[in-house]
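Chemist: for reference, the sequence and a predicted model appear below.
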Amino acid sequence: MGEGLAGRLQHPRRSLGDRHRSQASKFLLLAESDPARAVENAEWAEQNARQALLYDFTHPENWRVLADIKVRSSDEIGLRALLGDLFAVLGRDPEQVKQLEGVPILDVGKELLEAALNRDHLDPDLWFESMDEGGLEAFCARFEKLDLTDPRCNVLFGRRVERMWDSMSDDVCIPLARLLLSNRPQNFEMWADLARAHERRGAYDEAWLCYDQAQTHAPHLDLRDSFRARMAVQMETGKRLPWKQPSIEIRDEFLSKMQSLSTRFESDVSEIPVDAPIEDAVNLDQNELKRLLNAGEFAAAFFLSRRLLTRGEQWAEPYLEQAQNGLESDDDIRIP
């Protein structure tokens, strides 16, 4: 997965984005200079502009070029969809775009896009430099209300939290990291950041639990095993009191909290009817897993299935695989 969609989102490929944006601009010029092939060249321009955004959604020029193409081709529906897509990436309410019904979007769409990009920088370094203390406090307060299920929004806000961690306390950043991970648990880098924060604080159970999650999604990094080795050396040299990895009960409680965070926006929680056949109520956990998967709540299904496997309930293994596949499919971005 690291080299696929998830890897592309986690580490946008600016060079490929630049290449496709450059191609889009060239085809756009050809469309203007060669009326006979204007439609064909405009289609090639839009195709390359979409590819530029797929490879690097963090470069504002990629959004600008595609918006320009939408305006030139009088694609009002496409421009509205692109604005909604940008609002989702920036953690804004896409419903704001619907409020523009009746507004000549082809006339004001590029202006709205420009205002959004200038107010909410996609580059995490520029964003952090533009923040004062009041802005950071407002950001943290807004964070809890965000739907972070869009993977690009999750990655973008993760980068912002990483910048904040350099100058703000763990008490501020740890809750934000948990919210991010509850929506996109495959973000192994954020798990590692969270684990290191717990390790700094001497919260070794929490550190191990987070390193365990990181290694689950990135086995080649050996983060959990390295932590355990560090602890063993420190205990042998007398620098640490004896410690052992968390009990099943502690691991279950941790995963339960993450599952709760992942469903904090869920309003339609179904229950088994009182008069349901006995066989339907035999395994409530299995019914809940099926419900979560059918509802597309893959993060919640992931944490629940891991809880069950931690307890030794191996029947949950196929559900864990389905949840992981669902999380990967959520990273399949479609550009308007």
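Modeler: Everything's here; your move.
Chemist: distance of residue 17 relative to residue 214?
Modeler: According to CB to CB, to the nearest Å, residue 17 and residue 214 sit 27 Å apart. (C-beta placed from N, C-alpha, C; glycine too.)
Chemist: typo on my end, residue 58
Modeler: Distance of residue 58 to residue 214, computed by CB to CB: 23 Å.
Chemist: which of those two has more neighbours?
Modeler: residue 214 (26 against 20; other CB atoms under 10 Å).
Chemist: for the stretch 151-300 of the chain, which segments count as helices?
Modeler: Ranges of helices in the stretch 151-300 of the chain, per DSSP state H, counting those that start in this stretch, are 151-165, 170-183, 188-200, 204-217, 223-236, 248-262, 278-281, 284-294, 298-310.
Chemist: out of these, indicate the one that is most buried.
Modeler: helix 298-310 (a mean of 24; mean count of other CB atoms under 10 Å).
Chemist: phi first, then psi, for the nearest residue to residue 123 once chain neighbours are set aside.
Modeler: Leaving aside its sequence neighbours, residue 123 sits nearest to residue 58 (CB to CB, 6 or more residues apart in numbering; 6.6 Å). Main-chain torsions, residue 58, degrees, to the nearest 10: phi -90, psi 0.
Chemist: wait, residue 58 touches residue 121, no?
Modeler: No. The pair residue 58 / residue 121 is not scored as a contact, 9.6 Å apart, by CB atoms under 8 Å.
Chemist: follow-up on the earlier one: tell me the pLDDT at the residue nearest to residue 123?
Modeler: On pLDDT, residue 58 comes in at 92.
Chemist: contact partners for the closest residue in space to residue 181 that isn't next to it in sequence?
Modeler: Excluding its sequence neighbours, the residue lying closest to residue 181 (CB to CB, 6+ apart) is residue 190, at 5.6 Å. When the contact criterion is CB atoms under 8 Å, 6 or more residues apart in numbering, the partners of residue 190 are 158, 161, 177, 180, 181.
Chemist: was I right about the first one contacting residue 186?
Modeler: Same thing as residue 158. No. Contact between residue 158 and residue 186 fails when scored by CB under 8 Å: they sit 11.6 Å apart.
Chemist: so who does the closest residue to residue 196 other than its chain neighbours touch?
Modeler: Once flanking residues are discounted, residue 196 sits nearest to residue 207: 7.6 Å by CB to CB, 6+ apart. For residue 207, the contact set (CB under 8 Å, 6+ apart) comprises 195, 196, 198, 199, 227.
Chemist: quick one: those residues as CSV, columns for distance to residue 334 and pLDDT too.
Modeler: Listed next are the contacts of residue 207 as CSV, based on distance: CB to CB, whole Å; pLDDT from 0 to 100:
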residue, distance to residue 334, pLDDT
195, 33, 95
196, 35, 93
198, 37, 95
199, 39, 92
227, 38, 91
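Chemist: reformat the residues you listed as JSON lines; add distance to residue 27.
Modeler: Below are the contacts of residue 207 laid out as JSON lines (distance: CB to CB, whole Å):
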{"residue": "195", "distance to residue 27": "46"}
{"residue": "196", "distance to residue 27": "46"}
{"residue": "198", "distance to residue 27": "50"}
{"residue": "199", "distance to residue 27": "51"}
{"residue": "227", "distance to residue 27": "51"}
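Chemist: longest helix of the protein?
Modeler: helix 14-33 (DSSP state H).
Chemist: tell me the buried residues in it?
Modeler: If you call a residue buried by 16 or more other CB atoms under 10 Å, then helix 14-33 has these buried ones: 17, 18, 20, 21, 23, 24, 25, 27, 28, 30, 31.
Chemist: list just the nearest of the residues you listed to residue 255.
Modeler: Using CB to CB, residue 17 is the member of these that sits closest to residue 255, with 36.4 Å.
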